[in-house]
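Trainee: based on what follows, work out the 3D shape:
(one chain, ligands or ions: 2)
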Amino acid sequence: MRVLVTGGAGFIGANFVHQTVAERPDAEVTVLDALTYAGNRSSLDPVADRIRFVHGDITDAALVDELVGNSDLVVHFAAESHNDNSLSNPWPFVQTNIVGTVTLLEAVRKHDVRYHHISTDEVYGDLELDDPERFTESTAYNPSSPYSSTKASSDMLVRAWTRSFGVRATLSNCSNNYGPYQHVEKFIPRQVTNVLAGLRPRLYGDGLNVRDWIHVDDHNSAVWAIVDGGRIGQTYLIGADGEVDNRTVMETILEVLGQRPDAFDFVTDRPGHDMRYAIDSTMLREELGWAPRYRDFRSGLEATVGWYRENEQWWRPQKDATERAYLAAGEKTT
Ligand code: NAD
Ligand code: DAU
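Mentor: Ligands and ions are numbered 1, 2, ... in the order given. Below you'll find the predicted structure:
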């Protein structure tokens with residue numbers, strides 16, 4: 001099977017390519033990635049001789065048409081993915097997440113290629129801390145940020161292309177991922193690398209916000225379960241029952257790294273900061289028999305901290321610019 005993976009030099013995409021090469025010997029993988037600030041070619045070094053890498057943009061219709069025409073399956077990870085960046089400049093989010101998705105949809109429509117769309121639980125907005133309900137496939141869309149609203153737009157486009165043009169697509173909306181190769185702008189790698197670099201970790205607001213953590217390998221095994229057995233046109237929610245508040249995550253990271261639990265700074269909150277995400281993944285589990293392998297967040301986090309300790313050459317080049325960008329955006333201790 002010829003698999004085109006967009007965004008394969010990013011965090012989840014690179015881990016998807018590693019997993020695919022290891023577990024699917026019949027897959028011929030081509031990665032299409034623009035190598036934005038978030039893309040890192042070296043994340044694919046462990047599989048470099050097993051894949052084809054194309055440096056290009058998903059909004060380049062001629063390139064996308066050629067690559068899709070030579071594929072049996074497209075798994076679309078490429079996106080502008082960071083909420084904070086979308087608050088500073090939403091335009092790349094509109095271009096990549098919306099225009100890029102239409103470009104891919106037009107190509108899979110023309111060539112009748114199977115398509116899987118990677119999306120986020122953030123399309124559903126947020127929950128109160130004490131809300132007994134979690135997100136399901138029928139929760140109404142209510143995105144909060146420029147990032148999540150462009151992802152919601154992309155989901156709607158996929159649904160429209162499926163219904164109107166018969167595109168053979170499935171969608172998945174996953175909760176917060178953690179694991180190796182995640183950019184140091186994101187919460188867990190930022191705090192881990194701050195400690196390793198001798199900087200104070202930074203907690204937004206009061207730290208009560210809750211995220212539903214899932215290991216990136218579990219996200220990717222769910223994607224394959226959906227590609228293999230999911231119903232065309234169906235959305236599946238991916239989650240591993242991993243709700244933890246940010247302060248607890250911070251204190252766990254500090255403990256794992258041998259620091260005092262209060263060795264961090266509170267900083268200005270993110271505008272419009274979603275309070276809580278929580279996924280009910282019953283449909284995925286019951287219909288497709290998927291289950292997460294990483295059930296203990298702490299041990300998954302310890303392994304992730306270990307990866308950042310051992311791979312400073314991977315994250316160090318991004319670190320200073322990332323911290324400068326946070327300062328330039330006005331982040332201050334409170
Ligand atoms: P990331 O920012 O780490 O990687 C994105 C990749 O896309 C990078 O390699 C980048 O170079 C590439 N890219 C960006 N614009 C491009 C363009 N125009 N053309 C080609 N390539 C381009 O993102 P991630 O965290 O790996 O997220 C991957 C996908 O998963 C996204 O669609 C995101 O919305 C979704 N998602 C992420 C999470 C999470 O916790 N990180 C959770 C649920 C869903
Ligand atoms: O829910 C899925 C989403 O998870 C994905 O769609 C996004 O692509 C991904 O970036 C992630 O979004 P979040 O905004 O939840 O992730 P982030 O790592 O930016 O922040 C996680 C939480 O930690 C959030 O409540 C904000 C907080 N935070 C973040 C940073 C960077 C801090 O307290 N301090 C920080 O320095």
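
Trainee: quick one: mean pLDDT for stretch 181-195?
Mentor: When pLDDT is averaged along stretch 181-195, the result is 98.

Trainee: just the residues contacting it, thanks.
Mentor: 10-11, 14-15, 38, 40, 43, 82, 84-85, 176, 178, 200-202, 211, 216, 246, 249-250, 253-254, 257, 259, 263-264, 301, 304-305, 308, 314-315, 318-319, 322, 325 (CB atoms under 8 Å, 6 or more residues apart in numbering). (Each C-beta comes from the backbone N, C-alpha and C, glycine too.)

Trainee: low pLDDT regions in the stretch 151-300 of the chain?
Mentor: For the stretch 151-300 of the chain, no stretch is flagged by pLDDT under 70.

Trainee: how about the helices in it?
Mentor: 187-196, 216-229, 246-256, 282-288, 297-310 (DSSP state H, counting those that start in this stretch).

Trainee: mean neighbour count, those helices: which tops it?
Mentor: helix 187-196 (a mean of 22; mean count of other CB atoms under 10 Å).

Trainee: just want the angle from it to helix 246-256.
Mentor: On the basis of axes from the mean of the first three to the mean of the last three CA atoms, to 10 degrees, helix 187-196 is oriented at 40 degrees to helix 246-256.

Trainee: for the closest residue to Gly207 other than its chain neighbours, list the residues it contacts.
Mentor: Nearest residue to Gly207 in three dimensions, chain neighbours excluded: Arg247, at 3.4 Å (CB to CB, 6 or more residues apart in numbering). Residues counted as contacts of Arg247 (CB under 8 Å, 6+ apart) are Leu203, Asp206, Gly207, Leu208.

Trainee: about what we covered before: what's the ChimeraX line that selects buried ones from the contacts of stretch 181-195?
Mentor: Here is the ChimeraX selection string for the buried members of these, based on 16 or more other CB atoms under 10 Å:
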select :10,11,14,15,38,40,43,82,84,85,176,178,201,202,211,216,246,249,250,253,254,257,264,301,304,305,308,314,315,318,319,322
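
Trainee: quick one: is the one helix or strand Glu66 maps to near ligand 1?
Mentor: In this assignment (DSSP states H and E), Glu66 forms part of helix 61-69. No - Helix 61-69 lies out of reach of ligand 1 by CB under 6 Å from any ligand atom, never closer than 9.2 Å.

Trainee: that older thread, mind listing which of the contacts of stretch 181-195 are in strands?
Mentor: Among these, the members falling in strands (DSSP state E) are Tyr178, Arg202, Arg211.

Trainee: give me the subset of those that also touch ligand 2.
Mentor: Arg202, Arg211.

Trainee: now flag whichever of the ones in strands among the contacts of stretch 181-195 is closest to ligand 2.
Mentor: Arg202 (4.3 Å; CB to the nearest ligand atom).

Trainee: please save the CA atoms from stretch 314-333 in PDB.
Mentor: Taking C-alpha atoms only, stretch 314-333 is exported to PDB below (Å, rounded to 0.1, in the frame of the first residue of the first chain):
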ATOM      1  CA  TRP A 314      17.300  17.400  18.800                       C
ATOM      2  CA  TRP A 315      15.600  20.100  20.900                       C
ATOM      3  CA  ARG A 316      18.400  22.600  21.700                       C
ATOM      4  CA  PRO A 317      18.400  24.400  18.300                       C
ATOM      5  CA  GLN A 318      14.700  25.300  18.800                       C
ATOM      6  CA  LYS A 319      14.800  26.300  22.400                       C
ATOM      7  CA  ASP A 320      16.100  29.900  22.500                       C
ATOM      8  CA  ALA A 321      13.900  31.100  19.700                       C
ATOM      9  CA  THR A 322      10.900  29.500  21.300                       C
ATOM     10  CA  GLU A 323      11.400  31.200  24.600                       C
ATOM     11  CA  ARG A 324      12.100  34.600  22.900                       C
ATOM     12  CA  ALA A 325       8.800  34.300  21.000                       C
ATOM     13  CA  TYR A 326       6.900  33.700  24.300                       C
ATOM     14  CA  LEU A 327       8.500  36.800  25.800                       C
ATOM     15  CA  ALA A 328       7.800  38.900  22.600                       C
ATOM     16  CA  ALA A 329       4.200  37.800  22.800                       C
ATOM     17  CA  GLY A 330       4.000  39.400  26.300                       C
ATOM     18  CA  GLU A 331       4.300  36.400  28.700                       C
ATOM     19  CA  LYS A 332       5.100  37.700  32.200                       C
ATOM     20  CA  THR A 333       5.300  36.200  35.600                       C
END
